[in-house]
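Participant: Return a 3D structure for these sequence lines:
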Amino acid sequence: MAARALVGLGLFWVLAGMPAAAAPVDPLQLPAAASPLAVRSPLFAIARAGTRLVAVGQRGHVLTSDDNGARWQQAEVPVSTDLVAVHFPSAQRGWAVGHDGVILHSADGGRHWTRQLDGRQAAALLVDAYAQAARGAEADAALSEARRMLAEGPDLPFLDVWFSDERNGYAVGAFNLIFVTSDGGAHWQPASERADNPKSYHLYGIRAVAGEIFIVGELGLVLRLDRASQRFSALPTPYPGTFFGLLATPDLLLAYGLRGNAWRSRDAGKSWQQVDTGVLTGLTGAALLADGRIALVSQGGQVLVSRDNGSSFQRVARIKPQPIFGVSTAGANTLALVGARGVRIEALE
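Facilitator: Presented below is the predicted three-dimensional model:
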């Protein structure tokens, strides 16, 4: 990753205290190596694919479990670049994204993966899109940046991915990267020019609530897709810091980020209320439990649980703090946590 991209993107490497090492070969051409230590290596995100757990992490590691985390199996992955987000809209079909502009797809619940897009292809698509756009200072600057990306190589990461179903999806990332697909990833198209993000803030999370699609990013940025214009319009928020992610339920939008900050909206982003989480470290993941409770996790290793739809959170004190980057449910009253030391299963009180 280019040095300037590290600003605001240290959630995974810098916060974990593990700078990425230069690869001796192109990680986009090198399949992920099988390793018995993968389950204890850094993992950055986890999701459910039906009843299966799927975790993704460094060097293209993808792990699956069919018994709520008791045993793990490493998947076949065609790249060894770091993967930082994963989403399954159905039990079989899912997508993972990460560094070098990579988007991967699985059609068998995470056991095998194919590459749909990488940073070289993404840069070429951006150049084509901006070359055909109406001329102007902003369009010219965007075209110049896309040409730089194409010349310098795939240095920018996607940081989140979300699909409404098996065909319609979005990937977002550094410097206002937004790509969309309507055919299950057979074709990805850039949509960055449709976002009200003139300073190209990094985009960290995307989710939907009540049919409305939201993106969050740096400096309090919250974007909502306007269906009529197909633009991602910026919403005013009272928080000037970075949001790392979103949790959405049918009647709640919970944005979380730096220094323990969490904000909730019950009216599709029109108004926001701050939530007292009781922690001062960055919040890195969230999960909705089957009984309606909400779990938040932090880079400091805290696990927080809300029993009142995100109005307040209490820390689960007995869970040993270790850096956590992602969380998912793992059976009744149990969480699967992924972080700097791999994956672990923790029962709630």
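
Participant: Name the helix or strand for L126, please.
Facilitator: helix 119-131 (DSSP states H and E).

Participant: buried set for that helix?
Facilitator: By neighbour count on 16 or more other Cβ atoms under 10 Å, the buried set for helix 119-131 is 119, 121-123, 125-127, 129-130. Any C-beta I mention is one placed from the backbone N, CA and C, and that applies to glycine too.

Participant: Rebuild these as CSV, extending it with distance to L37 and pLDDT.
Facilitator: What follows is the buried residues of helix 119-131, written out as CSV (distance: Cβ to Cβ, whole Å; pLDDT from 0 to 100):
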residue, distance to L37, pLDDT
G119, 27, 92
Q121, 31, 93
A122, 31, 93
A123, 34, 89
L125, 36, 91
L126, 37, 87
V127, 40, 85
A129, 41, 81
Y130, 43, 75
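
Participant: Among these, which pair sits farthest apart?
Facilitator: The largest separation in the buried residues of helix 119-131, counting by Cβ to Cβ, is between G119 and Y130 at 16.0 Å.

Participant: Tell me which other helices or strands the helix holding L126 touches.
Facilitator: Applying 3 or more Cβ pairs under 8 Å, 6 or more residues apart in numbering; DSSP states H and E, one finds that helix 119-131 contacts helix 137-152, strand 189-190.

Participant: starting at the chain centroid, how far to it?
Facilitator: From the chain centre to the centre of helix 119-131 is a distance of 22 Å (Cα atoms, centre = their mean, to the nearest Å).

Participant: As PDB, could you dump the C-alpha coordinates of it?
Facilitator: Presented in PDB, the C-alpha positions along helix 119-131 are these (Å, rounded to 0.1, in the frame of the first residue of the first chain):
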ATOM      1  CA  GLY A 119      -6.700  -3.000  -8.300                       C
ATOM      2  CA  ARG A 120      -5.300  -3.000 -11.800                       C
ATOM      3  CA  GLN A 121      -8.700  -3.800 -13.300                       C
ATOM      4  CA  ALA A 122     -10.300  -1.300 -11.000                       C
ATOM      5  CA  ALA A 123      -7.900   1.500 -12.000                       C
ATOM      6  CA  ALA A 124      -8.500   0.800 -15.700                       C
ATOM      7  CA  LEU A 125     -12.300   0.900 -15.200                       C
ATOM      8  CA  LEU A 126     -11.900   4.300 -13.300                       C
ATOM      9  CA  VAL A 127      -9.800   5.700 -16.100                       C
ATOM     10  CA  ASP A 128     -12.400   4.700 -18.700                       C
ATOM     11  CA  ALA A 129     -15.300   6.100 -16.600                       C
ATOM     12  CA  TYR A 130     -13.600   9.500 -15.900                       C
ATOM     13  CA  ALA A 131     -12.400   9.900 -19.500                       C
END
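
Participant: partners of I345 in the sheet?
Facilitator: Judged by DSSP bridges, the bridge partners of I345 are A336.

Participant: Please verify my assumption that it contacts W72.
Facilitator: No - look at I345 against W72 with Cβ atoms under 8 Å: they stay out of range, at 10.5 Å.

Participant: Quick check: which ranges of this protein have low pLDDT?
Facilitator: 1-24, 133-143, 149-151, 153 (pLDDT under 70).

Participant: Grab the most central residue of it for me.
Facilitator: The chain has D160 as the residue nearest its centroid, 2.7 Å off, counting by Cα atoms, centre = their mean.

Participant: Pull the contacting residues for that residue.
Facilitator: By Cβ atoms under 8 Å, 6 or more residues apart in numbering, the residues touching D160 are 84-85, 97, 171-173, 203-206, 245.

Participant: Also L252?
Facilitator: With Cβ under 8 Å, 6+ apart, L252 has these contacts: 209, 264-266, 309-310.
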